[in-house]
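Asks: A predicted structure for the sequence below; I have some questions about it.
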Amino acid sequence: MHMEIRIKADPTLEEFRHANLLLAGRTGIYKFLHPAILFLFLICALTVMVFTYITGMASVGLPTCSVILIMVAATAFVQYFVFPRRIQKAYTQAKNFSGQPEFRFTDTGVTHTDQNGESIVPWGKYAYWLEDEKVLALFPTDFTIHLIPKRCASAEQWAEIRGMIAGAKIPVRKTNRLATLIVAALLLMVILPINCLLLFRLALYFLQPSPGA
């Protein structure tokens with residue numbers, strides 16, 4: 001039986017941003033990973049400041065604290081200023097180029113229509129697909145995305161579309177979640193030993209007998 005599902009896709013900026021976070025593996029609990037790492041770096045800087053103040057070892061503590069604070073500031077600047085501005089720019093460019101695209105799903109493939117014309121992508125030509133509770137993304141190539149918000153269709157329609165995707169055996173796009181976890185683990189391997197070493201040195205400082213004792 002021939003089946004056809006039409007969906008007018010009009011992603012918001014928030015949905016566009018969410019799709020980028022999904023690709024980066026930074027949705028769900030993973031979205032708290034970068035803020036947690038920055039917080040640990042700040043704790044490390046605070047520990048260094050306390051160590052410097054108590055021991056008077058400014059020649060060691062101040063440069064170390066300065067490097068840590070610069071790293072935190074640079075990372076926060078990129079994560080919370082540069083990346084959001086780049087995503088907003090890409091979203092604006094996509095809206096100006098495509099307008100409000102329409103997708104027509106059939107058993108043979110997907111017809112994509114926007115203000116520039118119409119293109120037909122057979123199911124077998126899609127390289128990957130990816131979804132969560134908010135968006136579905138189809139990838140004709142590694143760098144081309146057909147993004148459709150979940151709110152644009154009913155649950156029954158999405159079930160039919162998943163059936164078409166499953167029938168075409170399109171592989172799921174791998175996210176960068178593993179890379180994010182590896183980077184986080186490496187950073188923790190640096191931060192935690194530094195904090196432990198400083199706390200150990202502080203403990204020795206307080207436990208050593210005073211000169212007049």
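Replies: Yes, it's here.
Asks: can we go C-alpha only for contacts and neighbour counts from here?
Replies: Noted.
Asks: Where does residue 178 sit, in terms of helix or strand?
Replies: helix 177-207 (DSSP states H and E).
Asks: for that helix, what is the average pLDDT?
Replies: The predicted model assigns helix 177-207 a mean pLDDT of 74.
Asks: Please enumerate the strands of this protein.
Replies: 4-8, 102-106, 109-114, 117-122, 128-131, 135-141, 144-149 (DSSP state E).
Asks: ok, back up a step: show me which residues of the helix holding residue 178 are buried.
Replies: 177, 180, 184, 191, 195, 198, 199, 202 (16 or more other C-alpha atoms under 10 Å).
Asks: right, and the fifth one touches residue 44 too?
Replies: Pointing back at residue 195 there. Yes: applying C-alpha atoms under 8 Å as the test, residue 195 and residue 44 come out as touching, 5.8 Å apart.
Asks: Show me the shaky parts of the protein.
Replies: 1-2, 60, 177, 209-213 (pLDDT under 70).
Asks: how about the buried residues of helix 177-207 in CSV, adding distance to residue 115?
Replies: Shown next, in CSV, are those (distance: C-alpha to C-alpha, whole Å):
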residue, distance to residue 115
177, 35
180, 37
184, 43
191, 51
195, 57
198, 61
199, 62
202, 66
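Asks: Which strands or helices does the helix holding residue 178 pack on?
Replies: Where contact means 3 or more C-alpha pairs under 8 Å, 6 or more residues apart in numbering; DSSP states H and E, helix 177-207 is packed against helix 33-55.
Asks: Please name every helix or strand in contact with the helix it packs on.
Replies: Counting by 3+ C-alpha pairs under 8 Å, 6+ apart, helix 33-55 packs on helix 58-77, helix 177-207.
Asks: from the chain's centre, how far out does the last one sit?
Replies: On the basis of C-alpha atoms, centre = their mean, to the nearest Å, helix 177-207 sits 24 Å off its chain's mean C-alpha point.
Asks: what is the orientation angle of that helix with helix 58-77?
Replies: If you take axes from the mean of the first three to the mean of the last three C-alpha atoms, to 10 degrees, helix 177-207 sits at 150 degrees to helix 58-77.
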